[in-house]
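> need a 3D model of the sequence below.
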Amino acid sequence: MGSDHFVRITRLRALIDHENTGAGERATAERMLDRLLRKTADHAASGAAPDRVYGSRHHRAGRHASTASIVESVREDIAFARTFVAAGAPGEVTVHSPLAAAPAELTVAVTTPFADQIVVTITDIPPAWGWEPDEFDRITATEDLRRFADELAEIIDSYNHDGADVGPRFFRTIRAQETTLIR
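Got it, this is the predicted structure:
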């Protein structure tokens, strides 16, 4: 890991831990830190073996957490992300969240039909926002709906683990109405 990543990680952790950091700013800093740690694959800092990959929120649910308790954490993260609005001052970089930018009438249901599977179903999708015809006149998901699904997958994957000596903690599926977007 380069020294510039170390400095960014240190600054983000200091911002997260500072008592005067607002809730919105703390949440943004936590997401940035999660993404940075995931991108740099800094497993040594988390104590992980080099042949295992742990999601950035794996520790929050607990090592032996049930899939049902992980689903509750995922629901809370999605609810927060849908209501989070980063109000920036002029000249500041604004944070774009596909979850917060999505239409309010969207419904997101997170279920666990089996002990090792998490299924997210997106319903009440406005047709103009979520669906468009492709070059063969088939109805497909828009880029906005795909980004929304990708963000949901990122939240879920942050609670998972995988590796050479251990399989994934659970499998996930993201559906938009009757269409599977991500497996």
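> what about Ala81, how many residues close to it?
If you count neighbours by other Cβ atoms under 10 Å, Ala81 ends up with 19. Glycine gets a C-beta too; all of them are placed from N, C-alpha and C.
> where does the protein have its least confident helix or strand?
Least confident helix or strand of the chain, by mean pLDDT, DSSP states H and E, is helix 43-46 with a mean of 47.
> how does this structure divide into domains?
Domain assignment for the chain by automatic domain parsing gives 1-47, 64-182.
> most tightly packed of those?
Mean neighbour count (mean count of other Cβ atoms under 10 Å) peaks for domain 64-182 among these, with a mean of 15.
> check the offset of that domain from the chain's centre.
Relative to its chain's centre, domain 64-182 lies at 7 Å (Cα atoms, centre = their mean, to the nearest Å).
> for Ile125, which three-state class applies?
Under the three-state scheme (DSSP: H, G, I helix; E, B strand; the rest coil), Ile125 adopts coil.
> can you dump the C-alpha coordinates of stretch 101-113 into CSV?
Extracted C-alpha coordinates of stretch 101-113, given in CSV (Å, rounded to 0.1, in the frame of the first residue of the first chain):
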residue,chain,number,x,y,z
ALA,A,101,-31.2,9.9,-6.3
ALA,A,102,-33.7,7.1,-7.1
PRO,A,103,-37.4,7.9,-7.2
ALA,A,104,-39.0,7.9,-3.7
GLU,A,105,-41.8,5.4,-4.8
LEU,A,106,-39.3,2.6,-5.3
THR,A,107,-39.7,-0.2,-2.8
VAL,A,108,-36.7,-2.3,-1.8
ALA,A,109,-37.4,-5.6,0.0
VAL,A,110,-34.5,-7.6,1.5
THR,A,111,-35.2,-11.2,2.3
THR,A,112,-33.4,-14.4,3.1
PRO,A,113,-35.3,-17.3,1.6
